[in-house]
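[1] sequence-free structure coming up:
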């Protein structure tokens, strides 16, 4: 079994929750002006970001492609700033894994959906994965993709 974790930024649940989302991202309560400006930008793109929907479609397509090649796969989408959170999907995946000896652990590939590595983006996603993985008892042998922005197919 191969577990694939696609990690991304997240999005506000709704325009009404925009202030809470900005606070999760910045670590402080936003001004009314900042919320209003963000609201205007979201309204220009239909009232919400398509990020979670796009990420979930990528996960579904990736699962199909891997299974066409004969790989039994579970693909999870986890987000840094919105549900489902990275910790939640790691816990969900861990609940169904075999926590045996290292040679029998399930494999996982962890991909932060930012093409180039930086500590504040990909590094932060991978840290959240590591913390959740450790809390779950390290049920996977995890390979982490740290950067793919220079790959010729990108």
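    Good, I have the coordinates. Keep in mind that what you see is a predicted model, and the values were worked out from it rather than measured.
[2] biggest helix in this protein, by residue count?
    helix 51-68 (DSSP state H).
[3] for the next helix or strand after it, packing partners?
    Going down the chain from helix 51-68, the next helix or strand is strand 73-79, by DSSP states H and E. Helices and strands touching strand 73-79, by 3 or more CB pairs under 8 Å, 6 or more residues apart in numbering; DSSP states H and E, are strand 2-8, helix 51-68, helix 86-95. For the C-beta atoms, the positions are set from N, CA and C on the backbone; glycine is no exception.
[4] Point out the one among these that comes closest to residue 127.
    Across the helices and strands packed on strand 73-79, residue 127 has its closest neighbour in helix 86-95 (9.5 Å, CB to CB).
[5] Buried residues in the closest one, which are they?
    86, 87, 89, 90, 93, 94 (16 or more other CB atoms under 10 Å).
[6] SS state for the closest residue to residue 5 other than its chain neighbours?
    Excluding the flanking residues, the one nearest residue 5 by CB to CB, 6 or more residues apart in numbering is residue 110, at 4.7 Å. Secondary structure state of residue 110, per DSSP: H, G, I helix; E, B strand; the rest coil, is strand.
[7] what comes up buried for the stretch of helix or strand residue 35 belongs to?
    Using DSSP H and E, residue 35 sits within helix 32-44. Buried residues in helix 32-44, counting neighbours by 16+ other CB under 10 Å, are found at 35, 38, 39, 42.
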